[in-house]
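Colleague: model the following, please.
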Amino acid sequence: MIREKRRKKRIIAAIVKIVTVTAVLAAALFAIVYFGFEIKKVSVQGGTIYPDSQIMELVVTDKCRDNSLLLLVQNLIDPVDEPEFIEKISVSLSFPSSVNIKITEKELTGVIKYSLAASLTASGDVMSSSDASEGISGTYVYFDSEGVVSEISDTLLSEPLDVSCVFRQEPEEGEKMSLKGSGSLEYLKDTLYYFSYYGLTPDSVNISERGAMTADFGSVSVYLGKNAHTADKIERLSKILPEIRDKSGTVDMSGWSDGGDDIIFEES
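Modeller: Numbering: from 1, shown residues only. Got it, this is the predicted structure:
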């Protein structure tokens, strides 16, 4: 009987000890998590469209405003919805008290404005807003270097190249654009590539329904014509443009080929 009582006392003592140790460890763990992961610094990298403060407000919510570990777990379980023009938002910790937010923005090579309300030509093509009626609210179609639609938005950003063209089919996000004019999309892609290669930055580009292209550089309009000798034309243009950049007029390269002299500049 005495042995049984002693055994029960030892069991109770052991249980009390385990509970006490567990409580102490839990309290220590809570203190570490609560005080050791207190957010003291938040840095945002890779963002150019939204201010850092706006990204911080989006990611660091009220639920985990003071704790970096809770913020990290929250982001893994329920990531924030990316705003327009943002491909991905990643959250990591460099130190327990330092939060890093990395922004991956969508590739925005150019933007085309068109109006759904005045979008159809007589032939049934979707028309860009440059040909649409004034006073109708427009939508902006952003595309990447491959001609894939990155974003369709009512917000106009200043950086992407302004392109005017006619859509053969209504654009869809994640799909390649279908443009009026045989080979117009490939022509646009190639031209933008060579502009970048030769360090030329046009203010705007226009592709007609017949597939002829015009590029504006300040007060100089360059008529490139249809898709022929594109690389040669732009290489030659890169040598001509510095000489006439401060002037106003039109450069006609539509009939030019490598080695030819038939480039006409009409000053206005």
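
Colleague: OK, contacts around the spatially most central residue of the chain?
Modeller: Centroid-nearest residue in the chain, with Cα atoms, centre = their mean: residue 106, separated by 2.5 Å. Contacts for residue 106 (Cβ atoms under 8 Å, 6 or more residues apart in numbering) come out as 85-87, 142, 144, 150-151. To be clear about C-beta, it is placed using only N, CA and C from the backbone, and glycine gets the same treatment.

Colleague: please repeat the previous calculation with a cut-off of 6 Å.
Modeller: The contact partners of residue 106, by Cβ atoms under 6 Å, 6 or more residues apart in numbering, come to 85, 87, 150-151.

Colleague: can you check residue 98 too?
Modeller: For residue 98, counting by Cβ under 6 Å, 6+ apart, the contacting residues are residue 41.

Colleague: which stretches of the stretch 51-200 of the chain form helices?
Modeller: Secondary structure of the stretch 51-200 of the chain by DSSP state H, counting those that start in this stretch: the helices cover 52-59, 68-77, 184-197.

Colleague: distance of residue 83 from residue 180?
Modeller: Residue 83 sits 32 Å away from residue 180, going by Cβ to Cβ, to the nearest Å.

Colleague: sorry, back to before: the contacts of residue 106: which two are farthest apart?
Modeller: 87 and 151 (9.8 Å; Cβ to Cβ).

Colleague: on that earlier part again, residue 83 and residue 180 - which one has more neighbours?
Modeller: residue 180 (21 against 13; other Cβ atoms under 10 Å).

Colleague: how about the more buried one, nearest residue that isn't a chain neighbour?
Modeller: Excluding its sequence neighbours, the residue lying closest to residue 180 (Cβ to Cβ, 6 or more residues apart in numbering) is residue 166, at 3.8 Å.

Colleague: follow-up on the earlier one: okay, residue 87 and residue 151: which has more neighbours?
Modeller: Legend: neighbour count by other Cβ under 10 Å for residue 87 and residue 151, higher for residue 151 (22 against 12).

Colleague: wait, residue 100 sits on residue 94?
Modeller: Yes - because the distance of 5.5 Å satisfies Cβ atoms under 6 Å, residue 100 is recorded as touching residue 94.

Colleague: neighbour count winner among the two?
Modeller: Set residue 100 next to residue 94 and count neighbours by other Cβ under 10 Å: residue 100 wins out with 16 against 11.

Colleague: what residues are up against the closest residue to residue 208 other than its chain neighbours?
Modeller: Nearest residue to residue 208 in three dimensions, chain neighbours excluded: residue 181, at 6.9 Å (Cβ to Cβ, 6+ apart). Going by Cβ under 6 Å, 6+ apart, residue 181 touches 209-211.
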